[in-house]
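**Q** Task: produce atomic coordinates for the following.
(chains A, B, C and D)
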Protein chains: 2
Amino acid sequence: MGASKTEIFTQEQNKLAQMMKALAHPARIAIIQELIKANACICNDLVEELGLAQATISQHLKELKTAGLIKGTVEGASICYCIDEKVWKEYKQQLASFFVAYENKNKCC
Amino acid sequence: MGASKTEIFTQEQNKLAQMMKALAHPARIAIIQELIKANACICNDLVEELGLAQATISQHLKELKTAGLIKGTVEGASICYCIDEKVWKEYKQQLASFFVAYENKNKCC
DNA sequence: ATCAATGATCGTAATATTACAATAATGCAA
DNA sequence: TTGCATTATTGTAATATTACGATCATTGAT
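**A** Numbers count the residues shown, from 1 in each chain, chains lettered A, B, ... in the order given. Here you go, the predicted structure:
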């Protein structure tokens, strides 16, 4: 199929999965890390930093934007991307609490 | 294409992406949550809990096993799955430190 | 207005993922 | 052994993802 049966899962499960998916590609990880490193927002520099075609970078940026993780503002002829602090914190918190759920459990296997 | 150009990314980036990928599906999130909830390991109960075919669950379990997140031990005729505590903690720590990287940054957009 | 630069979008090919039926493999019980 | 329950595997169809060339839209500069 290729299409997940989202109907049978809770909203929380679907959301968590989608958050993970947004970051489930090395290029998107690299973009985020680059945005963090440069602090100042980058745009086409990403195309040069990572070794991917402009169209490909643009596609990944779109996914990150859709996920809400980054936002872009027009800066002259180019576009300045940066991390959306609010959403970032949400992600951070949600994932942390997902991982915390298995704290201090008795093992069985 | 459909294939990521892993060669051009760092090991860390590829690893992080793969970790995310392992959890980038609601069924796998649901399985993990079920394993946590039941504490005692589950096996075919997952097929009944989630509304997916046995083959599909088995496939997802395999991916989680490949990711190292869970392990299964034979328990009579059935198989008992549970979270691998060590790997779980690794995941937790790695993701936490990824998200911490953007702490206290000046915003620019 | 023309041009160059930047970035988005479209179209498309290659590959991956998801889901399931069918079938095989394994272990237990009668 | 035969039969049943459980799980893995195989095969396959539908869909998604990744990557890129080509093209369009926008902006700034000349």
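**Q** Quick one: the helices in chain A, in order.
**A** Using DSSP state H, the helices of chain A run over A:11-22, A:26-38, A:45-49, A:54-67, A:85-100.
**Q** The fourth one packs against which elements?
**A** I take that to be helix A:54-67. For helix A:54-67, the packing partners by 3 or more CB pairs under 8 Å, 6 or more residues apart in numbering or on different chains; DSSP states H and E come out as helix A:11-22, helix A:26-38, helix A:45-49, strand A:70-75. Using the backbone N, CA and C atoms, a C-beta is placed for each residue, glycine as well.
**Q** winner for burial among the helices of chain A?
**A** Mean neighbour count, computed with mean count of other CB atoms under 10 Å in any protein chain shown, is highest for helix A:26-38 among the helices of chain A, reaching a mean of 21.
**Q** Give me the contacts around it.
**A** With contacts defined as CB atoms under 8 Å, 6 or more residues apart in numbering or on different chains, helix A:26-38 is touched by A:22-23, A:41-42, A:45-46, A:49-50, A:52, A:56-57, A:60-61, A:63-64, A:69-70, A:81-83, B:4-6, B:9-10, B:13-14, B:16-17, B:20, B:98, B:101-102, B:105.
**Q** Dump the helices and strands packed on helix A:54-67 to a markdown table, plus distance to A:Glu90.
**A** Output for the helices and strands packed on helix A:54-67, formatted as a markdown table (distance: least, CB to CB, whole Å):
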| stretch | distance to A:Glu90 |
| --- | --- |
| helix A:11-22 | 9 |
| helix A:26-38 | 15 |
| helix A:45-49 | 24 |
| strand A:70-75 | 13 |
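**Q** With respect to A:Lys92, which of those lies nearest?
**A** Nearest of these to A:Lys92, taken as CB to CB: helix A:11-22 at 10.1 Å.
**Q** And the contacts of that closest one?
**A** By CB under 8 Å, 6+ apart, the list of residues contacting helix A:11-22 reads A:4, A:6, A:9, A:28, A:63-64, A:66-67, A:69, A:91, A:94-95, A:98, B:20-21, B:23-26, B:28-30, B:33.
**Q** That helix and DNA strand D, any residue contact?
**A** Yes: part of helix A:11-22 sits near DNA strand D under the criterion CB under 7 Å from any atom of the strand, namely A:Lys21.
**Q** and that helix, what's its mean pLDDT?
**A** The pLDDT scores in helix A:11-22 average 98.
**Q** Please report how far the closest residue to DNA strand D within chain A lies from B:Glu63.
**A** The nearest approach of chain A to DNA strand D comes at A:Gly2, 2.0 Å away (CB to the nearest atom of the strand). A:Gly2 sits 15 Å away from B:Glu63, taking CB to CB, to the nearest Å as the criterion.
**Q** what pLDDT does the nearest residue to A:Phe9 once chain neighbours are set aside get?
**A** Once flanking residues are discounted, A:Phe9 sits nearest to B:Pro26: 3.9 Å by CB to CB, 6 or more residues apart in numbering or on different chains. For B:Pro26, the pLDDT comes out at 98.
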